[in-house]
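S.K.: pasting the structure only:
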């Protein structure tokens, strides 16, 4: 049994994908926010599928996360830089 690779719990639970776009500080921060949003949506979905959250609660939580993601996008000024 000692021959099996030990999977790092953090890498399994909080996996990150490398950023493939234009490397700017704003883009990297937004990419991190986007990955966090995605991970949170997965958790919310899993809670709903296990009947710990109602569909309405699930929708409200995801809507709030979406609004926060949109605010971070605007605050980082990515819209203005996208037309370069």
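M.R.: Okay, I see it. Given the structure is predicted, the values throughout are model-derived calculations rather than measurements.
S.K.: Which secondary structure elements does the longest helix seen in the chain sit against?
M.R.: Counting residues, the longest helix found in the chain (DSSP state H) is helix 25-49. Under the contact definition 3 or more CB pairs under 8 Å, 6 or more residues apart in numbering; DSSP states H and E, helix 25-49 sits against helix 55-75, helix 78-81. For every residue, glycine as well, the C-beta is placed using N, CA and C.
S.K.: Mind giving me the packing neighbours of the longest one?
M.R.: In this case it means helix 55-75. Helix 55-75 sits against helix 25-49, with contacts defined as 3+ CB pairs under 8 Å, 6+ apart.
S.K.: same thing but at 10 Å, please
M.R.: Contact analysis of helix 55-75 by 3 or more CB pairs under 10 Å, 6 or more residues apart in numbering; DSSP states H and E lists helix 25-49, helix 78-81 as its packing neighbours.
S.K.: for that helix, which positions count as buried?
M.R.: Buried residues in helix 55-75, counting neighbours by 16 or more other CB atoms under 10 Å, are found at 58, 61, 62, 65, 69, 72.
S.K.: Show the average pLDDT along that helix.
M.R.: What helix 55-75 shows for mean pLDDT is 96.
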